[in-house]
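Just to be clear, the model below is a prediction. Sequence and coordinates:
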Amino acid sequence: MHAYIKGIGYLSPQPTWDNSLFLEAVKSHHVNNMYCLAPDYKQYIRPIALRRMSRLIRMGLTSALISLQDAGIDKPGAIVTGTGMGCVEDTENFLTSVAANKEEMLTPTAFIRSTHNTVGAHIAVHLKCHAYNFTYVHRGFSFESALADGRLLLAENAADDVLVGGLDETSEHHYIITGRLNYWKVKKTHNLELLSSKTPGSIAGEGAAFFVLGKVPGVNDYGKLLDLDMFARPESEEILHSRILTFLQGNAMQASDIDLLLMGYSGDVKFDPLYEGVSEKIFPGKPEAYFKHLSGEYHTSSAAGLWYGTRILQMQYVPEVLMKSTTSPGKINNILIYNNFRNEQHSLMLIST
Amino acid sequence: MEALIEKLKKEIIEALNLEDIEPEDIKADDPLFGDGLGLDSIDALELIVLLEKSYGIKIEDPKDGKKIFYSLRTMAEYISSHQKK
């Protein structure tokens, strides 16, 4: 079943919260750990409520409110969020407090803010929305799981519209710990030169992207989500390619029907050949774009991919900063978004006008 | 007493993360909850922890909280009369 994209909201290391603009200004980062740019949160959230919200809660609630306002909806029929790590800064603070105070005299605010589902809960409290509320924490499948749940709710007529979001934050500790697992580049890399670095590791990022999906088409829709697929650790590139072709066939499409490929190139020489293989073997000569130089890498970065894809579909052009290939698309009807998180969790999203 | 009230103002602003509120904005006799400063039940728990952490005072009966945390002055009076010499 198709899910119609009614509204979007996205906070990222770029000024993306204003839906009337599309990368007119691009922020360059000279660090390997990119933090989100923040709007004036007081425009969206009352100061008395804001004071108890940490960074990721502010980001999540604000982007959710932007997407709902964009869709013209006060209360969604469901709130479904996905996060790989949840509020890591608050978790670090709470655990530090547990250790420092010998498990005594712990304050409630730090605990409330440290749980994974706290953003979904804050959205519900803010909206006074008692509808279905669920948070998925499945590493690189977290956002996709939320999206799958949202689509099922629409398909089963459990809701007329759903609010679905993917969000994660970075922190100094998180960056250092995952750096030990070789997630990030050793040398400081300019984000806008991510693909030319040709070194192992990516650059860390964060973001909160929310989408209002509905089951009935409307004149102001951005487009529709046709299909979604998730698969873990394909054993070979052939299996990966076969999975993509099967996905297209399932939607009565061939490679030639795709107008733009939007892929999750992370600048890591270990994983980028997977994207290059897909491009060369299945979609030779096809216009190709990427987004992780603007979002950074994190568990729910595919939500950033869906946001960029949705904006491209709406605007019918690809800003130069997103282009990977030299060939630009003409009319953009179908976009295939392919992402993988370190060759562990792979996902495909097909969106269309 | 006045010095303790001024100290409490700063501690409450920090503990409750009261952005945009300065110590002089909080009046010693104004209610902390409801119409006054607008604190809520989670703030009450934070204040209980603050009393224990900073002044070594444990509130044995939660029902007393309403009287103790009515205003900055009632808090300061309670601290003065219960703090170990």
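Arrived safely, thanks for sending.

Spell out the secondary structure type for residue A:210.
strand (DSSP: H, G, I helix; E, B strand; the rest coil).

correct me, but it touches residue A:6?
No. Between residue A:210 and residue A:6 there is no contact under CB atoms under 8 Å: 11.3 Å. Heads up, the C-betas are built off the backbone N, CA and C, glycines and all.

who's more crowded, these two?
Counted by other CB atoms under 10 Å in any protein chain shown, residue A:210 and residue A:6 do not tie: residue A:210 has more neighbours, with 32 against 25.

which residues touch the more buried one?
By CB atoms under 8 Å, 6 or more residues apart in numbering or on different chains, residue A:210 lies in contact with A:8-10, A:60, A:63-64, A:66-68, A:163-165.

again with residue A:342
Per CB under 8 Å, 6+ apart, neighbours of residue A:342: A:140, A:183, A:268, A:271.

now swap in residue A:347 and tell me
A:140-141, A:144, A:228-231, A:302, A:337-340.

rewinding a little: closest to residue A:95 out of the contacts of residue A:342?
residue A:183 (20.9 Å; CB to CB).

Buried residues, stretch B:58-73. List them.
B:59, B:65, B:68-73 (16 or more other CB atoms under 10 Å in any protein chain shown).

Then stretch A:111-124?
A:112-124.

ok, now stretch A:69-81?
So stretch A:69-81, judged by 16+ other CB under 10 Å, has buried residues A:70-71, A:73, A:76-81.

Which of the contacts of residue A:347 fall within helices?
Under the assignment DSSP state H, these contribute A:144, A:302 to helices.

Which residue ranges of the stretch 251-353 of chain A form strands?
Ranges of strands in the stretch 251-353 of chain A, per DSSP state E, counting those that start in this stretch, are A:260-263, A:288-290, A:334-341, A:345-352.

related to what we said a few turns ago, near chain B, from the contacts of residue A:210?
Residues of the contacts of residue A:210 in contact with chain B (CB under 8 Å from any CB of the partner chain): none.

Find the nearest non-adjacent residue to residue 1, please.
Chain wasn't specified; assuming chain A. residue A:155 (4.3 Å; CB to CB, 6 or more residues apart in numbering or on different chains).

other chain: chain B
residue B:76 (5.7 Å).

secondary structure element for the one you found?
Applying DSSP states H and E as the criterion places residue B:76 in helix B:72-82.

just how off-centre is that helix within its chain?
9 Å (CA atoms, centre = their mean, to the nearest Å).

Would you mind writing the CA trace of that helix as CSV?
The C-alpha coordinates for helix B:72-82 follow below in CSV (Å, rounded to 0.1, in the frame of the first residue of the first chain):
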residue,chain,number,x,y,z
LEU,B,72,11.5,30.1,49.2
ARG,B,73,11.0,31.5,52.7
THR,B,74,9.2,28.3,54.0
MET,B,75,12.0,26.2,52.4
ALA,B,76,14.7,28.4,54.1
GLU,B,77,12.9,28.2,57.4
TYR,B,78,12.6,24.4,57.2
ILE,B,79,16.3,24.2,56.4
SER,B,80,17.3,26.5,59.2
SER,B,81,15.3,24.5,61.8
HIS,B,82,16.3,21.0,60.6
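
by contact count, what packs against that helix?
helix B:2-15, helix B:41-55, helix B:65-68 (3 or more CB pairs under 8 Å, 6 or more residues apart in numbering or on different chains; DSSP states H and E).

winner for burial among those helices?
helix B:41-55 (a mean of 18; mean count of other CB atoms under 10 Å in any protein chain shown).

which helices and strands does it pack with?
For helix B:41-55, the packing partners by 3+ CB pairs under 8 Å, 6+ apart are helix A:108-114, helix B:2-15, helix B:72-82.

Any chance of CSV for these, columns mean pLDDT and distance to residue A:17?
Shown next, in CSV, are these (pLDDT from 0 to 100; distance: least, CB to CB, whole Å):
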stretch, mean pLDDT, distance to residue A:17
helix A:108-114, 87, 22
helix B:2-15, 94, 29
helix B:72-82, 95, 38
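
Not counting sequence-adjacent ones, nearest residue to residue A:323?
residue A:289 is the one closest to residue A:323 (CB to CB, 6+ apart), at 5.6 Å.

quick one: the one you found from residue A:136, how far?
27 Å (CB to CB, to the nearest Å).

show me what contacts the residue positioned nearest the centre of chain A?
For chain A, the residue nearest the mean C-alpha position is residue A:303 (1.9 Å; CA atoms, centre = their mean). Applying CB under 8 Å, 6+ apart, we find residue A:303 in contact with A:10, A:82, A:143, A:165-167, A:207, A:209, A:211.

give the contact list for the closest residue to residue A:253 other than its chain neighbours.
Nearest non-adjacent residue to residue A:253, counting by CB to CB, 6+ apart: residue A:334, 7.0 Å away. Applying CB under 8 Å, 6+ apart, we find residue A:334 in contact with A:226, A:253, A:257-260, A:350-353.
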